[in-house]
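>>> With the sequence up front, the predicted model follows.
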Amino acid sequence: QALRSCSSAPCARPRAPAALSVRDALRARGASGERVKVQGWIRSARSQKEVLFLHVNDGSSLESLQVVADSSFDSRELAFGSSVEAQGQLVKSPSRGQNVELKAEKIEVIGNCDAKAFPIKYKERHPLEYLRQYPHLRCRTNALASILRVRSEATAAVHSFFKDSGFVHIHTPVITSNDCEGAGELFQVEPSSKTKVPKENFFNVPAFLTVSGQLHLEVMSGAFTRVFTIGPTFRAENSQSRRHLAEFYMVEAEISFVESLQDLMQVMEGLFKSTTMMVLSNCPKDVELCHKFIAPGHKDRLEHMLKNNFLTISYTEAVEILKQASENFTFTPEWGVDLQTEHEKYLVKHCGNIPVFVINYPLALKPFYMRDNEDGPHHTVAAVDLLVPGVGELIGGSLREERYHFLEQRLARSGLTEAYQWYLDLRRFGSVPHGGFGMGFERYLQCILGVDNIKDVIPFPRFTHSCLL
Ligand code: 4AD
């Protein structure tokens, strides 16, 4: 009733054109002649025979929409970097490489851009290192925008994979009182001095930013069988390397009634391959841009990873391979010592650049929760790391120690018995064999896109001596 009286009223205003994203405008293949409104930032401006050609991008796709304006428009403000709103008709474009363009009837500059001061220059392909200085502006470049769109698609693809495989998504806490990995690389959380609560007893116990959601996922796998999370994790590691961050995202899964590492490895390989296939099919142009301009040749390397079955070697075999290598390693490979990045790199190369699972690590190297293999003098646990080309360790996982007495002894040896009574409870009340893993999400993006530095695949990187913005 309300609608009818409104549209029939004599004062009804002409209908404002529908707002379209650049992506949707470009998809209007038939160029219906529809009047539309598009908002975005000018990526290029060029005039030719009194006609002005603008390319407007709003981040919805890699491609920009060509907006064509005649000489009645004042071109002075329509410059690179300015934000604009253009209204007009979507028409078939005579230009090569695009189906549609917007024949402008009205263009409004929303915000000017001072091109001289703007650190991003017209037509320049800035190196990623340069752009890192401008975390608030670098997302306006094609390279960063493509990487971040891939990141968004990959997040959705991870959710899709787990949903289709019958997993329940769990929000694990960011603030926690445990140090899952036991490595002490924790950021402590305290209220600021301005809060009314005394900082010593806000939580009554020392509280930290989580290093892993694993222990909380183990709780949930005791009720939902198959669970996963994808969330921020924090490590106070003193590392400036191209694969370490102080804040990174981890994709973690925990599965009950799993009895072998092979079952876990199948899920890991499935996660890697199906997430990647989904990303490739949902944002092919963004991936192509990375493979073409950031990491030439990476397309073939990725295809090689996708089409081959991942390999498996034991930690003991890995050490043997390294010992026999004619490589001059900085760290001498030795049984009982952790694999270094240089070792991981060599192993992947040795395996023909196919991702490789390294299993059964020395018990002494791994945290208290990993399942004891009870295997004699070379005492190992059922741990698995997935090593991939260019990155090294991408996923870390294990079977968990589900046997009450084994776990009790391991906790006692680490002096953790009191703090982990609740964790022991999980083994007292309906314990099941189970296991899980965590994949570094930024390392995954590095691996599929070929981006060398982890700081370029996260919107706002945090690392030692740097917390810009
Ligand atoms: O091997 P990690 O330490 O395993 C865990 O935290 C387990 N609790 C996970 C689980 O089983 N649910 O870390 C898992 C992965 C690594 O393989 C690596 O890809 C990534 O997290 N990672 C980092 N990524 C960026 N910066 C760092 N400082 C990272 N530390 C680990």
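Structure received.
>>> so where's the stretch 51-200 of the chain uncertain?
For the stretch 51-200 of the chain, the stretches flagged by pLDDT under 70 are 199.
>>> residue ranges of the strands in it, please?
Along the stretch 51-200 of the chain, counting by DSSP state E, counting those that start in this stretch, strands occupy 51-57, 65-69, 83-92, 100-111, 168-169, 175-176, 188-189.
>>> residues from the protein in reach of the ligand?
Counting by C-beta under 6 Å from any ligand atom, the positions of the chain adjacent to the ligand are 180-181, 212, 214, 235, 237, 244-245, 248, 250, 252, 393-397, 436-438, 440, 442-443. (C-beta placed from N, C-alpha, C; glycine too.)
>>> which element is the closest residue to residue 149 other than its chain neighbours on?
Leaving aside its chain neighbours, residue 149 sits nearest to residue 286 (4.9 Å; criterion: C-beta to C-beta, 6 or more residues apart in numbering). Here residue 286 sits within helix 284-289, counting by DSSP states H and E.
>>> quick one: average pLDDT of the next helix or strand after that helix?
Using DSSP H and E, the helix or strand that directly follows helix 284-289 along the chain is helix 298-307. The average pLDDT within helix 298-307 is 97.
>>> next one: stretch 455-465
96.
>>> Quick one: distance of that stretch to the chain centre.
In terms of C-alpha atoms, centre = their mean, to the nearest Å, the centre of stretch 455-465 is set 12 Å apart from its chain centre.
>>> can you tell me the distance between the two ends of that stretch?
By C-alpha to C-alpha, to the nearest Å, the extent of stretch 455-465 from end to end equals 13 Å.
>>> Which residue ranges of this structure form helices?
With DSSP state H, the ranges of helices along the chain come out as 2-8, 22-27, 128-131, 142-164, 214-224, 261-282, 284-289, 298-307, 315-324, 341-350, 404-413, 421-428, 441-449.
>>> among the ones you listed, which is nearest residue 467?
Closest to residue 467 of the helices of the chain, according to C-beta to C-beta: helix 441-449, at 16.4 Å.
>>> ok, and what's touching the helix holding residue 286?
With contact meaning C-beta atoms under 8 Å, 6 or more residues apart in numbering, helix 284-289 is reached by 61-63, 142-143, 145-147, 149-150, 153, 279-280, 299, 448-449.
>>> in it, what counts as buried?
Using 16 or more other C-beta atoms under 10 Å as the test for burial, helix 284-289 gives 286-287, 289.
>>> next one: stretch 60-75
Residues of stretch 60-75 classed as buried under the neighbour-count rule (16+ other C-beta under 10 Å) are 60-69, 73.
>>> about what we covered before: mind checking which of the residues of the chain next to the ligand are in strands?
248, 250, 252, 393-397, 436-438, 440 (DSSP state E).
>>> ok, so what distance separates the nearest residue to residue 38 once chain neighbours are set aside from residue 97?
Spatial nearest neighbour of residue 38, excluding adjacent residues (C-beta to C-beta, 6+ apart): residue 86 at 5.3 Å. Relative to residue 97, residue 86 is positioned 20 Å away (C-beta to C-beta, to the nearest Å).
>>> before we move on, what about residue 75?
23 Å.
>>> before we move on, what about residue 225?
50 Å.
>>> Looking at those two, which has the bigger crowd around it?
The residue with more neighbours, out of residue 225 and residue 97, is residue 225; 17 against 7, by other C-beta atoms under 10 Å.
>>> quick one: contacts for that one?
Neighbours of residue 225 in contact, by C-beta under 8 Å, 6+ apart: 255-257.
>>> let's go with 6 Å and repeat that
residue 256 (C-beta atoms under 6 Å, 6 or more residues apart in numbering).
>>> same thing with residue 308?
Neighbour list for residue 308: residue 354 [criterion: C-beta under 6 Å, 6+ apart].
>>> What of residue 383?
361, 366, 370, 398.
>>> at 8 Å instead, please
Residue 383 neighbours (C-beta under 8 Å, 6+ apart): 359-361, 366, 370, 396-398.
>>> Residue 291 too?
Neighbour list for residue 291: 298-299, 302, 449-450 [criterion: C-beta under 8 Å, 6+ apart].
>>> Pull the most distant pair out of the residues you listed.
Farthest pair in those (C-beta to C-beta) is 299 and 449. Separation: 10.3 Å.
>>> neighbour-wise, which of those two wins?
residue 449 (26 against 16).
>>> Apart from its neighbours in sequence, what residue is nearest that one?
residue 290 (4.3 Å).
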